[in-house]
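[1] Structure for this input, please:
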Amino acid sequence: MLFILSTKGRFNLSNLSHVSTRLLSTTNDPRKWLVERFQCEEERLDRQLGIIFTYGKCVNVSEMEDRADWLQQRLKLNNPDLKKIVQTWPLIFSYESHDNLEPKLQYLQSRLKLSDLQLTSLIRRYPHIFTMNPDKLERKLLYLQQRLKLDDDSQIRKFIMESTSILNSSVQKNLEPKIIWIQKRLDLNDDEVSKIILKFPRILQISLKKKLEPMMDWLQQERLRLTDGQLRTFIRKSPQVLSYSIEQKIQPTLKWFQKNLDLKDDAEINTFVNKLPTLLDYSIKNNLEPTLEFYIESIGNKGDAITLLTKSPRAFGASLENRLKPRLDEAKEAGMVIDQRCLLRIATYTEKMWRANLEHRSKETFKVKIEET
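    The predicted model follows:
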């Protein structure tokens, strides 16, 4: 065994634990090997092992080891990444390395103009892509490019990297019917529906009957009572809201707004949320509560803070640690009066605008000090 290792030349220390695992493996039982080496769930393995040995021309643990080694070296995977891939999809062992996996890897890398790191990332996140025939993949990619108006390689690459599992959906049975439904339901043209999907690709993976349709109905019929025009604008600005739970996410957020911002009824909630539909994206605990507290403490008056936020809800969108707190310190140092107008500038100005404002205020403060002396 040591002689075999010495003829290899050099070791990659990052793969040492993987090499040791293989050398010390003594079992010829595929189930035991998968459980021992990759901690696969035993109850999921029965049917998968049948497929591996029936269709994968894989007859023993040694061949499975060879395929695992090949995949690890080909994609430069560390042990945790290889383990994750196998746990996610043990059926990867039903595919021969050079005759099946390699041509697909070459196709994906060439077609999507992927770097080695991007290819590895794609397979790590979605190993099921190996089930897809390159010819079918090509037809699906061409459909997505044409339907979503993806004009260059970078756009289709970005889209697939963000939503690889969409490639597993049928164009005729899933993708096209869903796009048509969204387009008709919201009265969108081709460009508008394309922008929504590119902004939130996962919309194509959400169940139409179980989620999309009832969610849009709820947004129009319940608390927000959006008109057709408001719904269209709402979804164009925040399509991800369609993936949220009404009971666990949307309702609690609306109740928080009503209680903490003194919104009297559903009409006021409608007006407030429509100013910035992405408000429903925010976490109550991690964003809304600490941000409200920041404005109250900064102004020194709860009523003034609430007025600021209800008139300009985008003030909720500024990062507390990266923008609000640092800029507040800078504003105080520049001698600014910390009122609603100042806090709105702190929250909404671009970095260039804020620097210019800060410089102007600092010069004014310095001039006043000079005159006073």
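
[2] Once you drop chain neighbours, what's closest to the residue positioned nearest the centre of the chain?
    Central residue of the chain (Cα atoms, centre = their mean): residue 162, 6.9 Å from the mean position. Computed as Cβ to Cβ, 6 or more residues apart in numbering, the closest residue to residue 162 that is not its neighbour in sequence is residue 201, at 5.6 Å. All C-beta atoms are positioned from the backbone trio N, CA, C, and that covers glycine.

[3] Tell me which stretches of the chain form strands.
    Here the chain has no strands by DSSP state E.

[4] low pLDDT regions in it?
    1-27, 46-48, 50-59, 362-373 (pLDDT under 70).

[5] burial measure for residue 152, as a count.
    Applying other Cβ atoms under 10 Å, we find 9 residues neighbouring residue 152.

[6] Surely the residue nearest to the centre of the chain and residue 199 touch.
    No - the criterion here is Cβ atoms under 8 Å, and residue 162 misses it with residue 199 at 10.5 Å.

[7] quick one on the thing from earlier: and the gap between the residue nearest to the centre of the chain and residue 125?
    Plainly put, residue 162 is 10 Å away from residue 125 if you go by Cβ to Cβ, to the nearest Å.

[8] Could I get the contacting residues of residue 331?
    Contacts for residue 331 (Cβ atoms under 8 Å, 6 or more residues apart in numbering) come out as 338, 342, 346, 358, 361.

[9] Now with 7 Å, please.
    Each residue near residue 331 by Cβ atoms under 7 Å, 6 or more residues apart in numbering is listed here: 338, 342, 346.

[10] Next: residue 114.
    108, 122, 157.

[11] hang on, the second one packs against residue 158?
    No - shown here, residue 122 and residue 158 do not form a contact pair, counting by Cβ atoms under 7 Å, at 11.9 Å.

[12] hey, where'd the helices end up in the stretch 1-150 of the chain?
    Assigned by DSSP state H, counting those that start in this stretch, the stretch 1-150 of the chain shows helices spanning 2-6, 16-24, 30-38, 45-55, 61-74, 79-88, 102-111, 116-125, 134-147.

[13] nearest to residue 184, of the ones you listed?
    Residue 184 lies closest, by Cβ to Cβ, to one member of the helices of the stretch 1-150 of the chain: helix 134-147, at 15.1 Å.

[14] Now do that closest one and helix 102-111, the angle between them.
    Here helix 134-147 runs at an angle of 20 degrees relative to helix 102-111 (axes from the mean of the first three to the mean of the last three Cα atoms, to 10 degrees).

[15] Give me the distance between helix 134-147 and the centre of its chain.
    22 Å (Cα atoms, centre = their mean, to the nearest Å).

[16] same thing with stretch 82-89?
    That offset, for stretch 82-89, works out to 21 Å (Cα atoms, centre = their mean).

[17] from here on, count from 39
    I'll keep to 39 as the first residue from here, and by that count the last item is stretch 120-127.

[18] Need the contact partners of that stretch.
    Outside of stretch 120-127, the residues within contact range by Cβ under 7 Å, 6+ apart are 76, 77, 78, 106, 109, 110, 130, 161, 162, 165, 166.

[19] just curious, which of the residues you listed is nearest to residue 154?
    residue 161 (11.0 Å).

[20] Now stretch 172-186: buried residues?
    Neighbour counts over stretch 172-186 (16 or more other Cβ atoms under 10 Å) mark 175, 178, 179, 182, 183, 185, 186 as buried.

[21] ditto for stretch 141-151
    For stretch 141-151, by 16+ other Cβ under 10 Å, it's 142, 143, 145, 146, 149, 150.

[22] from the residues you listed, which is closest to residue 250?
    Nearest to residue 250 among the buried residues of stretch 141-151, counting by Cβ to Cβ, is residue 150 at 27.9 Å.

[23] on that earlier part again, wait, which of the contacts of residue 152 is closest to residue 217?
    Once Cβ to Cβ is applied, the member of these that ends up nearest residue 217 is residue 195, at 20.6 Å.

[24] roughly how far apart are the closest one and residue 186?
    Residue 195 sits 13 Å away from residue 186, taking Cβ to Cβ as the criterion.

[25] now residue 331
    Taking Cβ to Cβ, one finds residue 331 at 42 Å from residue 186.

[26] quick one: residue 333 and residue 377, what's the gap?
    11 Å.

[27] Tell me which of these two has more neighbours.
    residue 333 (24 against 14).

[28] Now the more buried one. Nearest residue, chain neighbours left out?
    If the residues on either side of it in the chain are set aside, residue 333 comes closest to residue 343, at 3.9 Å by Cβ to Cβ, 6+ apart.

[29] hang on, isn't that neighbour packed against residue 332?
    No - Residue 343 lies out of contact with residue 332 (Cβ under 7 Å); the separation is 8.6 Å.

[30] For the helices of the stretch 39-188 of the chain, give me CSV that also has distance to residue 316.
    Shown next, in CSV, are the helices of the stretch 39-188 of the chain (distance: least, Cβ to Cβ, whole Å):
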stretch, distance to residue 316
helix 40-44, 57
helix 54-62, 44
helix 68-76, 40
helix 83-93, 42
helix 99-112, 40
helix 117-126, 32
helix 140-149, 33
helix 154-163, 26
helix 172-185, 26
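
[31] and of those, who's closest to residue 389?
    Among the helices of the stretch 39-188 of the chain, the nearest to residue 389 by Cβ to Cβ is helix 154-163 (30.0 Å).

[32] Give me the angle between the closest one and helix 117-126.
    Using the same axes, to 10 degrees: helix 154-163 against helix 117-126 is 40 degrees.

[33] could you dump helix 154-163 to PDB, C-alpha only?
    Extracted C-alpha coordinates of helix 154-163, given in PDB (Å, rounded to 0.1, in the frame of the first residue of the first chain):
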ATOM      1  CA  ASP A 154     -14.000  25.900 -13.100                       C
ATOM      2  CA  LEU A 155     -15.200  27.400  -9.800                       C
ATOM      3  CA  GLN A 156     -18.600  28.200 -11.300                       C
ATOM      4  CA  LEU A 157     -19.000  24.700 -12.700                       C
ATOM      5  CA  THR A 158     -18.100  23.200  -9.300                       C
ATOM      6  CA  SER A 159     -20.500  25.500  -7.600                       C
ATOM      7  CA  LEU A 160     -23.300  24.600 -10.000                       C
ATOM      8  CA  ILE A 161     -22.800  20.800  -9.500                       C
ATOM      9  CA  ARG A 162     -22.400  21.200  -5.700                       C
ATOM     10  CA  ARG A 163     -25.800  23.000  -5.400                       C
END
